[in-house]
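A.B. asks: Just a sequence and a predicted model for now, questions to come.
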Amino acid sequence: MIFITAEQRVRESRIINPLTAKAKSIVEEIKERAELMRVKAEGLVKEGEPHEVITSAAKESEAGIIVMGSHGRTGLKRLLMGSVAERVLGYAPCPVLIVRSGFASSSPRIKEYSVSSLHG
């Protein structure tokens, strides 16, 4: 995710438009893969502060769960960069499943995950 202000969008549209098109292409491909596995999925490409966009989209679509990856940063890197996943956990209207980056691809089975919900 990349946070882009409205001013930057206008000024840098020749760079941003191709990036947005590429993001939409990637999201569509992932959605199609999910549907082949009979997983109902919706793909969105939106602009804004990442945790706000994610939680807002979940509220608008009445999502049953948010599934997202995490880089697994700790210490100073986490303190300086913050954590989108952590913010989503704090504001999500539904349960959140966070998978560590590279974890699912390195193991034939997902053995560890984190689920949190504001509803209990």
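C.D. replies: Sure, I can see it.
A.B. asks: SS state for Glu42?
C.D. replies: Secondary structure state of Glu42, per DSSP: H, G, I helix; E, B strand; the rest coil, is coil.
A.B. asks: From Gly72, how far off is it?
C.D. replies: Glu42 sits 26 Å away from Gly72, going by CB to CB, to the nearest Å. Where C-beta positions appear, they are placed from N, C-alpha and C, glycine not excepted.
A.B. asks: More neighbours: which of those two?
C.D. replies: Gly72 (15 against 10; other CB atoms under 10 Å).
A.B. asks: can you tell me how far the more buried one sits from Val27?
C.D. replies: Gly72 sits 23 Å away from Val27, taking CB to CB as the criterion.
A.B. asks: For this protein, which segments count as strands?
C.D. replies: Secondary structure of the chain (DSSP state E): strands at 66-70, 96-100, 114-116.
A.B. asks: helices and strands around the second one, which ones?
C.D. replies: If you count contacts as 3 or more CB pairs under 8 Å, 6 or more residues apart in numbering; DSSP states H and E, strand 96-100 packs onto strand 66-70, helix 84-91, strand 114-116.
A.B. asks: any idea of the angle it forms with strand 66-70?
C.D. replies: For strand 96-100 against strand 66-70, the angle by axes from the mean of the first three to the mean of the last three CA atoms, to 10 degrees is 30 degrees.
A.B. asks: start the count at 23, not 1, going forward
C.D. replies: Taking 23 as the first residue, the last one we looked at is strand 118-122.
A.B. asks: Now strand 118-122: buried residues?
C.D. replies: Val118, Ile120, Val121, Arg122 (16 or more other CB atoms under 10 Å).
A.B. asks: now the helices: where do they sit in the protein?
C.D. replies: Using DSSP state H, the helices found in the chain span residues 28-33, 35-58, 72-83, 97-103, 106-113, 125-128.
A.B. asks: Just put these in TSV and tack on distance to Met90.
C.D. replies: Formatted as TSV, the helices of the chain follow (distance: least, CB to CB, whole Å):
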stretch	distance to Met90
helix 28-33	24
helix 35-58	13
helix 72-83	7
helix 97-103	16
helix 106-113	6
helix 125-128	12
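A.B. asks: Helix or strand with the lowest mean pLDDT in the chain?
C.D. replies: Taking mean pLDDT, DSSP states H and E as the measure, the helix or strand of the chain with the lowest value is strand 136-138, at a mean of 43.
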